[in-house]
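# need coordinates for the below:
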Amino acid sequence: MRHDTCFLCLHGCLPCRITIFILAGIVTIFVSADRGFGAGPGDLASRYARSSPQWVQRGVIYQIQPRAFTPEGTLKAATGRLPRLAELGVDILYLCPVFVSDDDPDTKGWSPRQRASGMNNPRNPYRMKDYYHVDPEYGTDADLKAFVTEAHRLDMRVLLDMVYLHCGPNAVFLEQHPDFVKRDKTGNIITQSWGFPAINFSTPKLREYFWKNMEYWITQFDVDGFRCDVSDQIPLDFWKTARERLEKRRPEICLLAEGIRLEDQLKAFDLNYSFVWFSTVRRAYEQGKPASSIRKVSEKLAAERPRGARIIRYIDNHDIANDAWPKRIETKWTFKGVNAALAMLFTLDGVPFLYNGQEVADTARHSIYARLSIDWANANTPAGKARFAFCKRLCAVRHAERALTDGANIWLDNDHPDSVLSFLRRTDREEVISVVNLSHRPLTVQVTLPHKTTVTYQNLLGETHVSTTLKGLTLHLQSFGFFVGKGR
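Just a heads-up that it's a prediction; the model follows:
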């Protein structure tokens with residue numbers, strides 16, 4: 001999570017935060033003592049990412065931000081909504097931090113973004129006080145166990161959000177272990193960019209404390225993995241050892257890195273975030289940048305990482321929704337525009353990611369700093385019903401078509417590269433084609449195909465079928481229209 005104002009500007013704007021991610025990744029790659037590969041991006045691309053569980057590779061992630069997910073803002077209330085998510089078809093639940101957050105009222109120790117929110121709430125879920133218990137705001141430890149049990153009953157996995165880069169000023173371990181945070185020569189605590197005490201990973205006991213913390217949530221609460229906050233500002237060897245230890249207790253553990261470090265997936269992580277990819281999509285929608293820029297950055301991401309490395313594909317999350325009021329993407333990108341983006345991210349390589357409320361086209365204000373709920377009444381509107389049905393269909397198609405989870409991603413040329421993305425997902429036995437119009441204009445699109453024979457595509461998201469010629473595929477797409485077809 002990107003909590004706050006960065007050193008590049010005074011507002012914590014997305015471009016500057018993305019720049020920090022890039023810089024952090026670069027610095028980590030070249031100075032981390034753990035790296036030990038002696039290889040540049042080109043060398044990494046000749047290696048293979050670690051093998052990950054099938055439930056990760058073929059899953060759909062749904063993020064639950066507890067303060068937004070239900071009006072009550074509790075784990076018990078969230079548990080009651082899980083059958084609806086199972087009906088939607090998601091199978092990996094990523095739960096934002098529910099551990100005890102620091103309640104220090106001194107605003108000097110709050111993040112600038114937290115102060116700017118106007119919520120006047122010291123309890124930032126990304127400023128930890130106690131890593132071993134559920135915050136009473138969300139319920140009890142037993143409530144979390146019940147949440148996980150119900151998720152498993154419904155065939156969904158659960159990832160907890162671990163915030164290990166920093167802690168709160170009243171973290172419970174500080175009295176007995178003052179060396180768990182970084183300090184200057186006079187003993188004063190050193191803070192991270194967001195004004196929170198910086199964790200000292202040079203301390204072996206601190207590392208052991210966090211490794212045991214993850215083991216605790218697996219053994220005592222049966223969770224399936226972790227989303228690791230600001231992961232690439234934490235030494236990679238810490239995460240590699242975490243993986244080794246956790247796999248002894250749960251062989252099919254999942255680690256999702258909120259970072260872009262290129263070598264993450266050689267040994268430590270199963271998935272990485274995609275800040276640059278998302279920002280490119282955002283510029284295409286909001287600044288008129290060409291659709292071809294999305295293809296270009298996607299090819300770059302694939303070329304510089306180990307083969308088979310996976311990123312999550314998202315267009316909204318707790319950070320974006322937190323900052324977007326009053327113009328959430330549903331209002332800026334339009335209902336049809338968001339649908340087109342969802343069709344794209346569900347059919348590209350990687351793992352699709354839905355933010356809570358996205359499945360009902362929610363436009364309400366969200367904040368990680370206070371309880372502001374999804375407008376669930378929107379689920380009963382025509383737009384909400386249509387979006388839910390569309391997301392349900394996308395989940396079903398992803399689970400049914402192995403080309404979308406196991407197939408290579410092959411970019412296809414078309415005659416409207418500024419507006420249209422076209423690509424194939426292909427295995428030895430099957431293929432799925434996606435053609436997505438990211439513009440407001442209706443277009444007739446000619447797509448160049450690699451086939452030497454004609455192919456008929458069954459429309460996976462509609463009723464019509466289309467057939468190709470030796471010259472390729474011609475489609476008539478409405479504004480923000482798309483075609484996803486299975487070759488036969």
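
# list the buried residues in the helix or strand encompassing residue 131.
Element membership for residue 131, per DSSP states H and E: strand 128-134. Buried residues in strand 128-134, counting neighbours by 16 or more other Cβ atoms under 10 Å, are found at 128, 129, 130, 131, 134. From N, CA and C alone the C-beta is placed, and that goes for glycine too.

# in the stretch 51-200 of the chain, which spans are strands?
Assigned by DSSP state E, counting those that start in this stretch, the strands in the stretch 51-200 of the chain fall at 61-64, 92-95, 99-101, 128-134, 157-162.

# distance of residue 368 relative to residue 317?
Separation of residue 368 from residue 317 (Cβ to Cβ, to the nearest Å) stands at 11 Å.

# more neighbours: which of the two?
Comparing residue 368 with residue 317 by other Cβ atoms under 10 Å, the one with more neighbours is residue 368, at 26 against 22.

# wait, the more buried one sits on residue 123?
No. Contact criterion Cβ atoms under 8 Å: residue 368 and residue 123 do not qualify, at 9.9 Å.

# report pLDDT for residue 43.
Note for residue 43: predicted pLDDT of 84.

# looks to me like it is in a helix.
Yes. Under DSSP: H, G, I helix; E, B strand; the rest coil, residue 43 falls within a helix.

# and the strands in the stretch 251-400 of the chain?
For the stretch 251-400 of the chain, applying DSSP E, counting those that start in this stretch gives strands covering 254-257, 271-272, 312-313, 351-355.

# in TSV, list those strands along with mean neighbour count.
Below are the strands of the stretch 251-400 of the chain laid out as TSV (neighbours: other Cβ atoms under 10 Å):
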stretch	mean neighbour count
strand 254-257	26
strand 271-272	28
strand 312-313	24
strand 351-355	25
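
# before we move on, the earlier item: now the strands of the stretch 51-200 of the chain in JSON lines, with mean pLDDT and distance to residue 322?
As requested, the strands of the stretch 51-200 of the chain are arranged in JSON lines below (pLDDT from 0 to 100; distance: least, Cβ to Cβ, whole Å):
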{"stretch": "strand 61-64", "mean pLDDT": "98", "distance to residue 322": "12"}
{"stretch": "strand 92-95", "mean pLDDT": "98", "distance to residue 322": "16"}
{"stretch": "strand 99-101", "mean pLDDT": "98", "distance to residue 322": "15"}
{"stretch": "strand 128-134", "mean pLDDT": "98", "distance to residue 322": "18"}
{"stretch": "strand 157-162", "mean pLDDT": "98", "distance to residue 322": "14"}
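
# export the ones you listed as a markdown table, with columns for distance to residue 183.
Output for the strands of the stretch 51-200 of the chain, formatted as a markdown table (distance: least, Cβ to Cβ, whole Å):
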| stretch | distance to residue 183 |
| --- | --- |
| strand 61-64 | 35 |
| strand 92-95 | 32 |
| strand 99-101 | 23 |
| strand 128-134 | 18 |
| strand 157-162 | 23 |
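
# closest to residue 362 out of those?
Comparing the strands of the stretch 51-200 of the chain by their distance to residue 362 (Cβ to Cβ), the top pick is strand 61-64, with 12.7 Å.

# export stretch 292-300 to PDB, keeping only CA atoms.
Written as PDB, here are the backbone C-alpha positions of stretch 292-300 (Å, rounded to 0.1, in the frame of the first residue of the first chain):
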ATOM      1  CA  SER A 292      -0.500   0.500 -28.200                       C
ATOM      2  CA  SER A 293       1.200   1.900 -25.200                       C
ATOM      3  CA  ILE A 294      -0.400  -0.900 -23.100                       C
ATOM      4  CA  ARG A 295       0.900  -3.500 -25.400                       C
ATOM      5  CA  LYS A 296       4.400  -1.900 -25.300                       C
ATOM      6  CA  VAL A 297       4.600  -1.900 -21.500                       C
ATOM      7  CA  SER A 298       3.100  -5.400 -21.300                       C
ATOM      8  CA  GLU A 299       5.800  -6.700 -23.700                       C
ATOM      9  CA  LYS A 300       8.500  -4.900 -21.700                       C
END
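
# in it, what's buried?
292, 294, 295, 297, 298.

# what residues are up against residue 86?
154, 155, 156 (Cβ atoms under 8 Å, 6 or more residues apart in numbering).

# distance of the closest residue to the second one other than its chain neighbours from residue 298?
It refers to residue 155. Nearest non-adjacent residue to residue 155, counting by Cβ to Cβ, 6 or more residues apart in numbering: residue 91, 6.5 Å away. For residue 91, the distance to residue 298 (Cβ to Cβ) stands at 24 Å.

# if we can go back for a sec, could the contacts of residue 86 be laid out in CSV, adding neighbour count, distance to residue 335 and pLDDT?
Formatted as CSV, those follow (neighbours: other Cβ atoms under 10 Å; distance: Cβ to Cβ, whole Å; pLDDT from 0 to 100):
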residue, neighbour count, distance to residue 335, pLDDT
154, 15, 28, 98
155, 9, 30, 98
156, 21, 27, 98
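
# which residues touch the nearest residue to residue 85 once chain neighbours are set aside?
Distances taken as Cβ to Cβ, 6+ apart put residue 62 closest to residue 85, at 5.9 Å, once the chain neighbours are dropped. Applying Cβ under 8 Å, 6+ apart, we find residue 62 in contact with 85, 88, 90, 92, 93, 94, 353, 354, 355, 356.

# tell me the two of these that are most distant?
The most widely separated members of the contacts of residue 62, counting by Cβ to Cβ, are 88 and 94 (14.5 Å).

# the more surrounded of these two?
Ranked by neighbour count (other Cβ under 10 Å), residue 88 and residue 94 place residue 94 first, with 27 against 20.

# show me what contacts that one?
By Cβ under 8 Å, 6+ apart, the residues touching residue 94 are 61, 62, 63, 64, 159, 161, 227, 256, 353.

# what about it, distance to residue 61?
6 Å.

# residue 355 reaches residue 317, doesn't it?
Yes. Between residue 355 and residue 317 there is a contact under Cβ under 8 Å: 5.1 Å.

# between those two, what contacts are shared?
Residues touching both residue 355 and residue 317 (Cβ under 8 Å, 6+ apart) are residue 63.
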